[in-house]
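1. Structure, please.
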Amino acid sequence: MIKYLIALSLVFAAPLQASAQWDFSEHSIPLSEIISGGPPRDGIPALFDPEYKTAEESPSMDNEEMVMGVYINGIAKAYPLRILSHHELVNEHYKDKPILVSW
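-> Now for the predicted structure:
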């Protein structure tokens, strides 16, 4: 039996249907005063099939570093939160299973 260890969130890659219709007819703030904030669309670069190093091979890795751990198909990987905080998404494969790791 394959065990899954998922810290925080793991979402299997699947096509998304983006057809939401928003109703802005009721609001307490004038629409002219609402401005965009944060990065633009696609402004946070996702990672695709990243390369991995052991903790010993990475001088910037600390013994106390917080990671998100994923175990699927007999493969265990750790994603440093300091890197996930910058990229937020990792698209990759565990053998033949495509996955999306989201932070």
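
2. count of neighbours near the residue nearest to V101 when sequence neighbours are not counted?
-> Counting by C-beta to C-beta, 6 or more residues apart in numbering, the nearest residue to V101 once its immediate chain neighbours are dropped is V90, at 4.1 Å. Bear in mind the C-beta positions are built from the backbone N, C-alpha and C, glycine included. For V90, the count of nearby residues is 22 (other C-beta atoms under 10 Å).

3. Quickly list what V90 is bridged to.
-> L47, V101 (DSSP bridges).

4. quick one: it and P50 touch, right?
-> Yes: using C-beta atoms under 8 Å, V90 is in contact with P50, at 6.4 Å.

5. Enumerate every residue touching the residue nearest to V101.
-> V90 makes contacts with A46, L47, F48, P50, Y79, L84, L100, V101, as judged by C-beta atoms under 8 Å, 6 or more residues apart in numbering.

6. What score does the second one have for pLDDT?
-> This points to L47. As predicted, L47 sits at a pLDDT of 91.

7. That one touches H87, doesn't it?
-> Yes: between L47 and H87 there is a contact under C-beta under 8 Å: 5.0 Å.

8. Can you work out which residues contact both of the two?
-> Between them, L47 and H87 share no contacting residue, judged by C-beta under 8 Å, 6+ apart.
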